[in-house]
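Visitor: A predicted structure for the sequence below; I have some questions about it.
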Amino acid sequence: MTLIRHEGQLQVTCDVCPLTYRRTYAEEDLKVLVEDIKAEGWKIERQGAEWRHTCSDCAKWAARRLI
């Protein structure tokens, strides 16, 4: 899980590279965070009990690698 919680704030980091999403959100705004990162090309996938977050650059790289 790459969702960071600190003092009532949430931030997400990529599971492939060390990139951290530029904005933080209040814990009650989790839905807004998810909508914003998806709009910027981030991918969110559930793998077993864990969620995997991939930034847009890593998602593009993975898509090219699979072709």
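Guide: Thanks, I have it. Residues are numbered from 1 along each chain as shown.
Visitor: so how far is Ala49 from Glu35?
Guide: Using C-beta to C-beta, to the nearest Å, Glu35 is found at 23 Å from Ala49. C-beta here means a position set from N, CA and C on the backbone, and glycine is covered the same way.
Visitor: so which of the two has more stuff around it?
Guide: Between Glu35 and Ala49, counted using other C-beta atoms under 10 Å, the more crowded position is Glu35 (11 against 6).
Visitor: and the host helix or strand of that one, how far out from the chain's middle?
Guide: Counting by DSSP states H and E, the element that carries Glu35 is helix 30-39. How far helix 30-39 lies from its chain's middle: 9 Å, per C-alpha atoms, centre = their mean, to the nearest Å.
Visitor: contact partners of that helix?
Guide: Leu10, Val12, Tyr21, Arg23, Tyr25, Ile44, His53 (C-beta atoms under 8 Å, 6 or more residues apart in numbering).
Visitor: switch to 10 Å and redo it
Guide: 3, 10-12, 14, 21-27, 29, 42-44, 51, 53-56 (C-beta atoms under 10 Å, 6 or more residues apart in numbering).
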